[in-house]
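> sequence and predicted structure below; questions after.
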Amino acid sequence: MALAVNGVWANPYVNTAYVDQGNGKTTITPFSDILKKEKQQAASAASAQTASSSGATTSSGAVSPSNGIVSTNGTTGKMSSDGKLTTKLDDIFRRASEKYNISYDFLTAVAKAESDFNPNCVSSAGAKGIMQVMPYEAKELGITDVFDPEQNIMGAAKLLAAHLEKFDGDTTLAAAAYNAGSGRVKQYGGVPPFKETQNYVKKIASYMKEGVKVPDKTYTVSPNKLSGDVTKSQGQSTQASSGAQNQISGAVPATDEELNQSMVVVGSGEQAVTMTYGAYLRYLELGSLGVG
């Protein structure tokens, strides 16, 4: 059970000593140093946000950061009482990019190469939909209707994200894996020597460089668990924030005994120090003098 006390999370089942004092000197970083570091991190974050804001703006007003992941404010469509969503095709790609932390340009380039955005496309090998998802992939990904643009794109985004993670974010290798399978990429230590795959990765790179325009089409789709909450932003920072809020709302009050057993980490990196919550409160009271 994790405890939330005055905004601090702690684990009551750790019995580590909270202060290691050698030669009478404290190993705890002075509060003033931590405060200084926090201010530096805040300044860096603000600088990064400014840089991001200077990036390209999408047609929906979202900014495309350097990693190509778009930021949305939720769906631009309309949800009916039966769970159906009427939405723009481009909105699906933007939400999929944000939810699965994948480049919008990469995702749309794959869609362009696979089917030219045709939701009814079926290949000779049996791949279906906009992203040409194979039947076994659809089953593994949780796609119940492979011709549904929402489910097809979300499922493919999840699969591409897995390939990107497997190949350290390399879009060329991820594209090769999407076309020929990750096993083949590993087998050959790179893009497999298949003419189809070689041409495929070149096509993806070209589309990403030139930019792909998603057709201005509207579809009525059936979102499932792959989509998450289509009514609000799916970004990682938003998810982390909402997750923390959910945890705090479900927290239980800590007893004095639990507080004495709870450990709090102060600082970060090599300067991180673990102490009891009580010591942490005294530490904050002492401020720049530290604890010792």
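Cool, the structure landed. Numbers count the residues shown, from 1 in each chain.
> rest of the way, CA atoms for contacts and neighbours
OK.
> what about the nearest residue to Thr86 once chain neighbours are set aside, neighbour count?
The shortest distance from Thr86 to any non-neighbouring residue, by Cα to Cα, 6 or more residues apart in numbering, is to Thr220 (4.1 Å). Neighbours of Thr220 under the rule other Cα atoms under 10 Å: 18.
> ok, Gly183 next?
Gly183, neighbours per other Cα under 10 Å, totals 11.
> check which residues of the one helix or strand the residue nearest to Thr86 maps to are buried.
Element membership for Thr220, per DSSP states H and E: strand 218-221. Under the neighbour-count criterion of 16 or more other Cα atoms under 10 Å, strand 218-221 has Tyr219, Thr220, Val221 buried.
> distance to Tyr207 added to those residues, as a markdown table?
Below are these laid out as a markdown table (distance: Cα to Cα, whole Å):
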| residue | distance to Tyr207 |
| --- | --- |
| Tyr219 | 24 |
| Thr220 | 27 |
| Val221 | 26 |
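> how far away is Phe117 from Lys213?
Separation of Phe117 from Lys213 (Cα to Cα, to the nearest Å): 10 Å.
> same question, Ser80
Counting by Cα to Cα, the gap from Ser80 to Lys213 is 28 Å.
> local confidence estimate at the residue nearest to Thr86?
Looking at Thr220, its pLDDT reads 95.
> dump the residue contacts of it.
Each residue near Thr220 by Cα atoms under 8 Å, 6 or more residues apart in numbering is listed here: Lys84, Leu85, Thr86, Thr87.
> do the same with Val133
Counting by Cα under 8 Å, 6+ apart, Val133 has contacts Ala127, Val146, Asn152, Ala156.
> please report the distance of the closest residue to the third one other than its chain neighbours from Lys128.
If I follow you right, that is Asn152. Excluding the flanking residues, the one nearest Asn152 by Cα to Cα, 6+ apart is Val146, at 5.5 Å. Per Cα to Cα, Val146 is found 7 Å from Lys128.
> element containing the nearest residue to His163 once chain neighbours are set aside, please.
Distance criterion Cα to Cα, 6+ apart; nearest residue to His163, sequence neighbours excluded, is Ala174 at 4.9 Å. Per DSSP H and E, Ala174 falls inside helix 171-180.
> show me where the stretch 51-200 of the chain has its strands.
With DSSP state E, counting those that start in this stretch, the ranges of strands along the stretch 51-200 of the chain come out as 56-57, 63-64, 78-79, 85-88.
> can I get the last one in CSV? Just the C-alpha atoms.
Presented in CSV, the C-alpha positions along strand 85-88 are these (Å, rounded to 0.1, in the frame of the first residue of the first chain):
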residue,chain,number,x,y,z
LEU,A,85,-17.8,8.3,-33.1
THR,A,86,-18.1,10.5,-36.2
THR,A,87,-14.7,12.0,-36.8
LYS,A,88,-12.2,13.2,-39.3
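> in its sheet, which strands sit next to that strand, and in what direction?
According to DSSP bridges, strand 85-88 forms sheet pairs with strand 78-79 (antiparallel), strand 218-221 (antiparallel).
> quick one: closest of those strands to Lys139.
Closest approach to Lys139 among the strands paired with strand 85-88 is made by strand 218-221 (18.2 Å; Cα to Cα).
> buried stuff in the helix holding Ala174?
For helix 171-180, by 16+ other Cα under 10 Å, it's Thr171, Thr172, Leu173, Ala174, Ala175, Ala176, Ala177, Tyr178, Asn179, Ala180.
> from Thr171, how far out is the closest residue to Gly68 other than its chain neighbours?
The shortest distance from Gly68 to any residue other than its chain neighbours is 4.3 Å, reached at Ser103 (Cα to Cα, 6+ apart). Noted for Ser103: a distance of 9 Å to Thr171, by Cα to Cα.
> check Pro193 too.
Distance from Pro193 to Thr171, by Cα to Cα: 17 Å.
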